[in-house]
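S.K.: missing the sequence, but the structure's below:
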């Protein structure tokens, strides 16, 4: 058992940065990646073969994804919806339990009604579509982890939307009881199905540069 | 066509090749690019290359054997004192964790999500391994990272029966 008070071997320490909060040595946090390019090209490079130089920051959907709340009238195609759901279900989950269920909402009246039970859902009045990520909480093995599993699935939808040139935003539902009950009523969800999050989806009207949230103060090495 | 979201798999076997700091920084940048409730960004990250700390994890975590071969791990932590909307820090940290896993795929690295929170024992033991980690900081998930020594095809988990339209 490692004793945290005992320093690691000198060679180990020498190989890593000294203890404490600090930023990585290389790129400064203000090195802005290029704006996202919403074209098919970004699907072309093979990530397996990529090294540092080959990964152009502007092509990286994880880094370029932003919360998009303004959409055109253009409908989201069935093919795109399926791809978003495929991405969601590609998420990892505790013991591969896949607790997720999805309700794809295109019905205008339902989308509008959601804005009445969720205080930050105004964009649903314009959005052509929402995906409500839900959990079946009747889990035998890892009931404590469904929330994280559904969060990973939700994040996958957002990144996939970025890859497809769509725009999306995560509206938190669980664990706030009034939002959970409101959505449950609108979608007629059974008691064991918990609405976890609503993802509004559409073709973006707004373009946002990548958010530079990198903060060296949040990075620690070996110890606090 | 390549799509890091669809191609990502849990990788538990790694080569000896060290992971350069530049790539670790990209992983951290990806983690911090996650959305969070009210943009609260309630996260911290501990980069662990210390062999003694890495090896100690498998003494208390039942699914962490692969970490003994991993050149490094990233510990994603939550800080409730940074929370603006109560109840969402764990979801925010989960989004950051998933971002790191997808970025690893994008960079040709391999990783796997080892759950810590909300299992009290794992959280406590993990905190004990990081000298000086404050009590209000919660070790959320641990991600061993390395160059993959196993090849996994994308897993097709798509299941139509999980999809409903307009209502249940």
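M.R.: Cool, got the structure. Given the structure is predicted, the values throughout are model-derived calculations rather than measurements. Residues are numbered from 1 along each chain as shown, chains lettered A, B, ... in the order given.
S.K.: now stretch A:102-110, how far from the chain's geometric center?
M.R.: For stretch A:102-110, the separation from the chain centroid amounts to 20 Å (computed by Cα atoms, centre = their mean, to the nearest Å).
S.K.: Also stretch B:126-140?
M.R.: 16 Å.
S.K.: can you list contacts of it?
M.R.: With contact meaning Cβ atoms under 8 Å, 6 or more residues apart in numbering or on different chains, stretch B:126-140 is reached by A:2, A:4-5, A:19, A:220, A:222-224, B:43-44, B:46, B:48, B:53, B:56-57, B:60-61, B:75-81, B:90, B:93-94, B:97, B:116-117, B:122-123, B:142. Where C-beta positions appear, they are placed from N, C-alpha and C, glycine not excepted.
S.K.: Tell me the span between the first and last residue of it.
M.R.: End-to-end span of stretch B:126-140 (Cα to Cα, to the nearest Å): 9 Å.
S.K.: Let me know the average pLDDT across it.
M.R.: Across stretch B:126-140, pLDDT averages out at 97.
S.K.: Residue B:44 against residue A:220, yeah?
M.R.: Yes. Taking Cβ atoms under 8 Å as the definition, residue B:44 is a contact partner of residue A:220 at 6.5 Å.
S.K.: can you give me the strands for chain B?
M.R.: B:43-48, B:72-79, B:110-111, B:114-115, B:137-146, B:163-165 (DSSP state E).
S.K.: how about low-confidence regions in chain B?
M.R.: Low-confidence segments of chain B, defined by pLDDT under 70: B:1.
S.K.: Kindly provide the distance from the closest residue in space to residue A:138 that isn't next to it in sequence to residue A:99.
M.R.: Of all residues not flanking residue A:138 in the chain, residue A:192 sits nearest, at 4.9 Å (Cβ to Cβ, 6 or more residues apart in numbering or on different chains). Per Cβ to Cβ, to the nearest Å, residue A:192 is found 11 Å from residue A:99.
S.K.: Most tightly packed of the strands of chain B?
M.R.: Ranked by average neighbour count under the criterion mean count of other Cβ atoms under 10 Å in any protein chain shown, the strands of chain B are headed by strand B:110-111 at a mean of 29.
S.K.: Does that one reach chain A?
M.R.: No. Strand B:110-111 stays clear of chain A (Cβ under 8 Å from any Cβ of the partner chain), getting no nearer than 9.9 Å.
S.K.: Check which helices and strands that strand sits against.
M.R.: The elements that strand B:110-111 packs onto, with contact taken as 3 or more Cβ pairs under 8 Å, 6 or more residues apart in numbering or on different chains; DSSP states H and E, are helix B:89-106, strand B:137-146.
S.K.: what's it in contact with?
M.R.: B:10-14, B:100-101, B:104, B:143-150.
S.K.: Let me see the contact set for the residue nearest the centre of chain A.
M.R.: Closest residue to the average C-alpha location of chain A: residue A:155 at 1.9 Å, with Cα atoms, centre = their mean. Neighbouring residues of residue A:155 by Cβ under 8 Å, 6+ apart: A:91, A:170, B:34, B:35, B:94, B:95, B:98, B:99.
S.K.: will you turn those into a markdown table that also has distance to residue A:79 and neighbour count?
M.R.: Output for these, formatted as a markdown table (distance: Cβ to Cβ, whole Å; neighbours: other Cβ atoms under 10 Å in any protein chain shown):
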| residue | distance to residue A:79 | neighbour count |
| --- | --- | --- |
| A:91 | 20 | 26 |
| A:170 | 22 | 23 |
| B:34 | 27 | 27 |
| B:35 | 25 | 23 |
| B:94 | 28 | 29 |
| B:95 | 25 | 25 |
| B:98 | 24 | 30 |
| B:99 | 25 | 28 |
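S.K.: Which member of the residues you listed is positioned nearest residue B:26?
M.R.: Nearest to residue B:26, judged by Cβ to Cβ, of those is residue B:99 at 10.8 Å.
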